[in-house]
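Trainee: Need a 3D model of the following:
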Amino acid sequence: MVARKMGALLTEITKSGKARGIYWAVSHDGSQLENIGEFDQAGWEQVTISGPRKQVWGKGTKLLPALRYCVEKIAHHSDWTIGVFITDGIIEDEVACLDYCMKIGQEIGAGKRTTLKLVLIGVGKQIDQGQLERFDNMFENSSIHIDLWSTGIAYSMRDEADILNVLYGELMDAETIVAPSGEVRDSSGNILKSWTDGLPGKFRFLLPAGATQFIITVGEHQIIQDITEAVGNTASTLKF
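Mentor: Here you go, the predicted model:
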């Protein structure tokens with residue numbers, strides 16, 4: 001259920017409207033991958049996620065092969081890529097992963113790679129929180145000034161709110177540019193805020209009192225956000 005919901009959410013921020021899924025840490029030593037497929041939102045909501053069919057779940061948890069797949073197979077052909085990894089155990093090849101990501105970070109910082117964001121989500125009570133923090137803070141005290149990793153823990157990602165909080169909580173900030181341009185309008189078509197030099201992942205704007213939705217336009221795509229439940233019967237001006 002978590003994977004289906006995560007996949008459906010990610011389709012909303014992709015150019016193609018699709019997101020690819022893989023099983024990782026499969027085969028006896030946990031070093032292989034198995035493709036699930038690439039689906040649109042409806043596809044992710046219906047796809048069966050029951051574990052690998054051609055392989056077996058590994059006895060070890062090795063993240064590096066999945067990292068390489070994301071960086072070298074997916075990001076290589078994309079302008080902006082997000083890779084989300086869900087684990088319920090301890091990453092065994094942590095050092096190798098951090099060494100690899102240090103190289104990738106240097107290449108992104110030098111303009112040799114397109115923007116890449118990696119999210120590592122720990123599910124359950126067997127997660128090593130210190131390990132997640134080491135991924136999250138790997139570029140501290142270095143000359144690399146990018147935020148490659150975001151991490152989070154969800155003991156039971158059964159609610160959509162849990163998934164959204166971990167997935168987007170650290171992912172988006174005012175410094176992360178997610179589109180070349182964009183604008184926010186109210187339901188009457190009035191422009192509330194616009195960007196011509198890059199739409200940031202997190203921003204604020206004033207929404208008129210009484211409004212029940214706002215519309216974000218990015219290129220030919222529109223995102224209509226209903227806020228009826230959030231505002232209730234309030235009549236005051238809201239800041240987002």
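Trainee: CA atoms for contacts and neighbours, from now on please.
Mentor: OK.
Trainee: Quick check: buried residues in the longest helix belonging to the chain?
Mentor: Identified as the longest helix of the chain according to DSSP state H is helix 94-109. Using 16 or more other C-alpha atoms under 10 Å as the test for burial, helix 94-109 gives 94, 97-98, 101-102, 104-106, 108-109.
Trainee: Between the residues you listed, which sits nearest residue 125?
Mentor: Closest to residue 125 out of the buried residues of helix 94-109 is residue 94 (18.8 Å), distances taken as C-alpha to C-alpha.
Trainee: wait, what's in contact with that closest one?
Mentor: 63, 131 (C-alpha atoms under 8 Å, 6 or more residues apart in numbering).
Trainee: And for residue 151?
Mentor: 119-122, 132-133, 135-136, 166, 170.
Trainee: at 6 Å instead, please
Mentor: Each residue near residue 151 by C-alpha atoms under 6 Å, 6 or more residues apart in numbering is listed here: 119-121, 136.
Trainee: Okay, and which of those residues map to helices?
Mentor: When DSSP H is applied, the contacts of residue 151 are split such that residue 136 fall in helices.
Trainee: If we only consider the contacts of residue 151, which is nearest to residue 4?
Mentor: Minimum separation from residue 4 among the contacts of residue 151 (C-alpha to C-alpha) is found for residue 121, which lies at 15.0 Å.
Trainee: Return the distance of the closest one relative to residue 27.
Mentor: As for residue 121, its distance to residue 27 is 21 Å (criterion: C-alpha to C-alpha, to the nearest Å).
Trainee: Compare those two and say which is more crowded by neighbours.
Mentor: A direct count of neighbours by other C-alpha atoms under 10 Å for residue 121 and residue 27 places residue 121 higher, at 22 against 18.
Trainee: confidence score at that one?
Mentor: Here the pLDDT value assigned to residue 121 is 87.
Trainee: so it makes contact with residue 86?
Mentor: Yes - between residue 121 and residue 86 there is a contact at 4.9 Å, judged by C-alpha atoms under 6 Å.
Trainee: Break down this structure into its strands, ranges please.
Mentor: Assigned by DSSP state E, the chain shows strands spanning 19-26, 32-39, 80-87, 115-123, 149-154, 177-179, 182-186, 191-195, 199-200, 206-207, 213-218, 221-226, 238-239.
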